[in-house]
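[1] Fold the stuff below for me.
(chains A and B)
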Amino acid sequence: MNAIIFSAIFGVVMMFSGVFISSKQIIRNLAIGLMAVLLLVNAAELTGYGLFDINLNNMLRFTSFGLVFNCIAFAATFIYLLLSARDIEQVGVNLAEYFALIFFILCGIAIATSFNSLLLLFLAIEIISIPLYILTGSDKRNLKSNEASLKYLLMGAFSTGIMLMGIALIYGATGSFGLQNIAVASKGFEAILTGGLLLLLIAMSFKVSAAPFHFWTPDVYDGAPTVFTSFMATIVKAAIFAAFIKLFEAAYLPGAANWKWSLTFIIAATLFIGNITAVFQQSVKRMLAYSSIAQAGFMLFALFGYSDFGKEGILLYAAAYSAATIGIFAVLLKMKDYTFDGYNGLAKKEPLLAFVNTIFLLSLAGIPLTAGFFAKYYMLVAAVKSGASLWLVIFAVLCAAISVYYYFRVIQAMYFKTAAADEPASLPVTANFKVILVLLAAVLVLLGIFPHWLFAKVYF
Amino acid sequence: MIAVLLFLVPLISGVLLFATKNAQQAKTLALLAAIATLVVSLLGLTALKQPAYLEFDAAWLTGINSRFHLKLDGIGQLVCLLTAISFPLIILSAWNNEYSKPHNFYGLLLLSQAGLMGVFLSVDLLLFYFFWELALIPVYFLCSGWGGERRIAVTFKFFIYTFVGSLIMLVGIIMLYFQCNQTFDLAVILMQKVDPIVQNWMFWLFFVAFAIKMPVWPFHTWQPDAYEQSPTPVTMVLSGIMVKMGVFALIRWVAPVFPGAVYQWGDTVSLLCIIGMLYASVVAIKQDDLKRLIAYSSIAHIGLMCLAIFASNKSGMQGAVLQMFVHGINIIGLWIVANTIENNYGTRKISELGGLAHQAPVLTIMLVIIALANIALPLTNAFVGEFMMFNGMFSSKITRYNVLDTAMAGLCIILAAVYTLNMIKQVFYGAEKRAAVANTFTTPVKLALVVIIVLILVMGVYPKPFLDITNEAVDAVLNRMITEK
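    Below you'll find the predicted structure:
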């Protein structure tokens, strides 16, 4: 509860700070400071210090899983702001508003990890989506950004409609929005309920950009200002996954046999399309968009085998994937040229940037000693444990092998190719920026050796 | 103690090496570290061979029951010794080579040694997988950074190939984990009875990974290119030690764990090995490039080891284990000679070389000895190993095709003599075609070759100590296997 209330208040504070404070630096630091406070109050609730005691009529339920997830999302946002707050300034004039929107999104995330009623799920998804539409279009003079925003809005609104329809059907079948009531009802097979659940599945798949509902993703991620793509592709996506998992556990698992094949199809298609298309990209930014689809395919395994492994796995995956991708985007933002060739010879000019970027990429590829390995490992374990077909698991690892191809292309460019011109490949970076990147990389490596540190708090 | 030092010494020195300033310093430190590892390994074989010293067990991932568990058994001792001996030789033989960023080069080289040691030491399956992948990463950077002209594409192919294999093995590991009451511990896994049908699945999931690494036909296509394009010291690591990862893993993680599947699929695998051996031998005859010739000959040798393991008896298994060591030593010797020839004469095309015997008599003698060891002439070390393997194959009780297998393998030995002697004839005898452009046959290189030749001859005459090391461990593996119909 702490996180929801505080993030909403902070959003409002940030919104008005733009009116009263003219210094960009103060606004920036204020946002970073408030973010730290938000992280702290959420951690406080995790250790038992809830500041609010409100009768929620069982519409929200705060579990340690949700709170740990919030911590990951907030910590990732905090690092994201530290790394990229200056780049947010570059996007447009309304600096304070961007920060306000980010806080509102976090409010949505906090609801999404704790909903216990479909109404709240709907609310959470909308609170997350609407600020995203604005952020996508925030680069007003850029036609691509405008196009992306409009596309996102139209597609998003459409999927929201589908979701609402689904919720309505479920309500019609069960007479309740509560998750526990759906769980009781969905054991059987009833046309209205199944129809509703199917629509809900489609809408959620759309939001996490699972194939075949992924078509908006590359265009939106590519068109949006890079600094916001980073936020969208990592923290937001992971949070919607947390909601998806919660929903799946309650609503779909009792009738799992009905959903097994749809889910198998979605996972296989997502992995295949994401990975294969990423191979053909020339721009690193667009490659990352497809890679986010591919990674979503892996995260979907957590739904398949909803178990302790799946639960721990999605936490680890969210942390590993968010940290690595935020790092890669932070480096990308400093590059002059977003194509693969733009990275040529980076290791000579900026050895440290190249090195941390390599760790981030290795983590995304799932190489041991990085968090990404255990993230994938837990997902595969969850899948095998749930009795998923062996072929699907093997298909998934083959896709992971394909992903090595495009991640390593960046490493090759950085280390083994020489730049055409002598001019620096990247914009100048500050020492602070480097320190934070190194810390981020260190976290990834630490989680790659001791992943259980992350979920120690889940079972207390 | 010994177990953890074998892994820590190269790891720590490798990391430290990145901080060194100049080439001389980097080289010297790398050599000292490699010798220190060798000393540790020798201590483990002599003064400190009580089991307590050879095991290290610490808590790691308590949640999923995986431990940081290192243990040296006899087979592990021998391959660790191979790794420990090889690295000083490799560094010595590269003493004259100039590398850009030498501190990175030698640092990565030692890190790869740490990874390899980890693979040979770990008795926890997840830890094993960890090292299995980690050994690859430094090698990837070494090959791509310091290799030949086509290095980037070739190394990438190699990397993807092995990575696919590893990932498929990972699925197998997870399946095994659930089959064995959620444990990764080798000792516990060996006590389980794995369902025969699941066993077949897991056998192939593991075998593909190891087959790619060894490489067994038809998974070998990465290998000749990678050997050719890598910088020579890395080629030595790849061919001398890294391919042994596959053979070793087969003995530790497949043969005793899936005895039923090994029995069932033994003939299929043997067929693959034989096809690969014949194919590689024939292709080797047609090679004009020294490095590629050695690469193909290596495929044939590895195929033979794999064949002997699947014979499932004492003689074959002992032979294969010994041959792992022997082949590692011999092939490093061959690479050193090939590298010296290339540096001295500016080419490694067999057709462009000739009459070197007059120009470089010492080199010629050394090459002839190593080459004869490569074709397993009596009195050389390879004879012992290959004889035992042939004996094992011929007396194998689990296959109907033992005579055929042995005959085919014998044919490969004959072919090996054809391409090796042909190479010696063309390169060292006949008309002199080129004059030396440089002299890189210096003391460190000579020293490395002398050590190798001494090992070849000593092991050829008196292999007993080496067989004694592995005796018990081989028995333990065979106890788990199906050795008769």
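[2] how far away is B:I85 from chain A?
    Distance of B:I85 to chain A, given as Cβ to the nearest Cβ, to the nearest Å: 27 Å. C-betas here are computed from N, CA, C, even on glycine.
[3] Now do the contacts for that residue.
    Contacts for B:I85 (Cβ atoms under 8 Å, 6 or more residues apart in numbering or on different chains) come out as B:38, B:41, B:329, B:451, B:455.
[4] Could you rerun that using 7 Å?
    Neighbouring residues of B:I85 by Cβ atoms under 7 Å, 6 or more residues apart in numbering or on different chains: B:L38.
[5] My guess is B:P259 contacts B:N479. True?
    No - using Cβ atoms under 7 Å as the test, B:P259 is too far from B:N479 to be in contact (9.7 Å).
[6] These two: which is more packed in?
    Set B:P259 next to B:N479 and count neighbours by other Cβ atoms under 10 Å in any protein chain shown: B:P259 wins out with 24 against 11.
[7] quick one: pLDDT of that one?
    Here the pLDDT value assigned to B:P259 is 88.
[8] What sits closest to A:T325 if chain neighbours are left out?
    Distances taken as Cβ to Cβ, 6 or more residues apart in numbering or on different chains put A:T234 closest to A:T325, at 4.7 Å, once the chain neighbours are dropped.
[9] no wait, A:G172
    Leaving aside its chain neighbours, A:G172 sits nearest to A:I192 (5.6 Å; criterion: Cβ to Cβ, 6+ apart).
[10] gap between that neighbour and B:W146?
    As judged by Cβ to Cβ, to the nearest Å, A:I192 and B:W146 stand 66 Å apart.
[11] quick one: which of the two has more around it?
    Taking other Cβ under 10 Å, A:I192 and B:W146 do not tie; B:W146 has more neighbours (22 against 14).
[12] Now do the same for the residue nearest to A:G172: its pLDDT.
    On pLDDT, A:I192 comes in at 86.
[13] right, and it touches A:L169 too?
    Yes - under the criterion of Cβ under 7 Å, A:I192 makes contact with A:L169 at 5.3 Å.
[14] Tell me how many other residues surround whatever residue of the stretch 151-300 of chain A ends up closest to chain B.
    The nearest approach of the stretch 151-300 of chain A to chain B comes at A:V279, 11.6 Å away (Cβ to the nearest Cβ). Neighbour count for A:V279, taken as other Cβ under 10 Å: 13.
[15] re earlier: so who does the residue nearest to A:T325 touch?
    By Cβ under 7 Å, 6+ apart, the residues touching A:T234 are A:76, A:321-322, A:325-326.
[16] Doesn't it lie inside a helix?
    Yes - membership of A:T234 in a helix is supported by DSSP: H, G, I helix; E, B strand; the rest coil.
[17] Stretch B:298-307 - what's its average pLDDT?
    Averaging pLDDT along stretch B:298-307 gives 90.
[18] Residues of the stretch 51-200 of chain B that sit close to chain A?
    B:61-63, B:130, B:133-134, B:137, B:144-145, B:152, B:156, B:160, B:163-164, B:167-168, B:170-171, B:174-175, B:178 (Cβ under 7 Å from any Cβ of the partner chain).
[19] Now the buried members of those residues.
    B:61, B:130, B:133-134, B:137, B:144-145, B:152, B:156, B:160, B:163-164, B:167-168, B:170-171, B:174-175 (16 or more other Cβ atoms under 10 Å in any protein chain shown).
[20] So for A:A425, what's the pLDDT?
    A:A425 is assigned 67 on the pLDDT scale.
[21] What strand or helix carries residue 297?
    You didn't pick a chain, so chain A it is. Under the criterion of DSSP states H and E, A:G297 resides in helix A:284-299.
[22] wrong one, chain B
    Going by DSSP H and E, B:S297 is part of helix B:290-309.
[23] what helices or strands is the helix or strand that comes right after that helix leaning on?
    Next helix or strand after helix B:290-309 toward the C-terminus (DSSP H and E): helix B:314-345. For helix B:314-345, the packing partners by 3 or more Cβ pairs under 7 Å, 6 or more residues apart in numbering or on different chains; DSSP states H and E come out as helix B:74-93, helix B:232-236, helix B:243-249, helix B:290-309, helix B:361-374, helix B:381-394, helix B:443-461, helix B:464-480.
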